[in-house]
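Visitor: just a sequence and a predicted model for now, questions to come.
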Amino acid sequence: MTTLKWDHAVQFVNQPDEAIATFAGQRLNAVAGGRHPGWGTWNALSYFGLTYIEFLAIYDHAELASAQADFLLSHDAAKLLPENQVLHRIALRTDDIDQTHAEFRSKGLQVSPIVNGQRNDPQGNVISWRIFTIGGDFNGLPYPFVLQWGEDDNTRLTRLRAQGLDRPHPAGEVTLQSAIFDVQDPQAVREHWHALFGFNELPEGLAAGLQRFIFRQGEANRLVELVFSASDPSLKGQRFRVGRGEYRFQ
């Protein structure tokens, strides 16, 4: 089985600049990302090493409308925005997207074709990746999508730091520690995701390396909260929101 890691979490927003400002108010860095040609979306990003938060918004409604039948994230944006500025899906990073795609297809998942994605960053650099999505859900919870970047993890992290994208936060040392999902049957979701993605089981969720996916009883059937681990003890327990997305320091 290929190796999967937690790459990022998607929060749908109407104005990425407002998410940047909200994060700045919490002493967290977030920066403008760029447009996604052909998909009708654009984003802002907040990095915590190689795991990051993507604030995804609609840029071009006509382009989005033409893309949503074929690309699941465009469909999500059209379905949710502008009313529901929510955390929704996570992305998993693979070291071999062709093999991962074949494995998931053999398990009966509704995998899309692998497509190439790209955007231009604010400095004009082309950022590229390959991606596929998984249609449907398990007990109402949407599946993650899967991508592979055009460079290995060490090269990518070096680039992000050289560009000042992954840099120390004003709040001090902060890591993105946990993703919390409200689901109808936490045990069933944990067992299903463990079988599919290979993450180790915990009593309340899964261990994705040093990070965790926590499944708790609820009706939302989606990602609802992200939890940061911070070195500054004064931040412990503090909460804030971006739209309806919940964020917490532990």
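Guide: Arrived safely, thanks for sending.

Visitor: so which elements touch the longest helix along the chain?
Guide: With secondary structure taken from DSSP state H, the chain has its longest helix at helix 186-197. Packing contacts for helix 186-197, counted by 3 or more C-beta pairs under 8 Å, 6 or more residues apart in numbering; DSSP states H and E, involve strand 137-138, strand 200-201, strand 205-208, strand 211-217. C-betas here are computed from N, CA, C, even on glycine.

Visitor: so what does the lowest-mean-pLDDT helix or strand in the chain touch, helix or strand wise?
Guide: When each helix and strand of the chain is scored by mean pLDDT, DSSP states H and E, strand 115-120 comes last, with a mean of 85. Packing partners of strand 115-120 (3+ C-beta pairs under 8 Å, 6+ apart): strand 31-36, strand 126-132.

Visitor: show the subsequent helix or strand relative to the longest one.
Guide: Read it as strand 126-132. With elements assigned by DSSP states H and E, the helix or strand that comes after strand 126-132 is strand 134-135.

Visitor: contact partners of that following strand?
Guide: Here strand 134-135 makes contact (C-beta atoms under 8 Å, 6 or more residues apart in numbering) with L72, F104, L109, Q110, V111, S112, Y143, P144, F145, V146.

Visitor: among those residues, name the ones in helices.
Guide: Using DSSP H, the contacts of strand 134-135 in helices are L72, F104.

Visitor: possible to save the contacts of strand 134-135 as a markdown table with pLDDT, distance to W39 and neighbour count?
Guide: As requested, these are exported to a markdown table (pLDDT from 0 to 100; distance: C-beta to C-beta, whole Å; neighbours: other C-beta atoms under 10 Å):
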| residue | pLDDT | distance to W39 | neighbour count |
| --- | --- | --- | --- |
| L72 | 93 | 10 | 21 |
| F104 | 97 | 22 | 19 |
| L109 | 97 | 22 | 16 |
| Q110 | 97 | 19 | 13 |
| V111 | 97 | 18 | 21 |
| S112 | 96 | 13 | 16 |
| Y143 | 98 | 19 | 23 |
| P144 | 98 | 18 | 23 |
| F145 | 97 | 13 | 21 |
| V146 | 98 | 16 | 25 |
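
Visitor: strands - which of the contacts of strand 134-135 land there?
Guide: If you go by DSSP state E, these have Q110, V111, F145, V146 in strands.

Visitor: count the residues that sit near the residue lying closest to the first one once chain neighbours are set aside.
Guide: Nearest in space to Q110, with sequence neighbours left out and distances taken as C-beta to C-beta, 6 or more residues apart in numbering, is G135 at 3.6 Å. Applying the criterion other C-beta atoms under 10 Å, we find 12 residues in the vicinity of G135.

Visitor: now do G135, the pLDDT please.
Guide: On pLDDT, G135 comes in at 95.

Visitor: ok, back up a step: and the helices and strands packed on helix 186-197, which is most packed in?
Guide: Mean neighbours per residue, mean count of other C-beta atoms under 10 Å, is largest over these for strand 205-208, with a mean of 20.

Visitor: still on that earlier bit, in the longest helix of the chain, what counts as buried?
Guide: Neighbour counts over helix 186-197 (16 or more other C-beta atoms under 10 Å) mark P186, V189, R190, W193, H194, L196, F197 as buried.

Visitor: ok, the residues you listed vs G33, which is closest?
Guide: Within the buried residues of helix 186-197, proximity to G33 (C-beta to C-beta) peaks at F197, which comes in at 25.8 Å.
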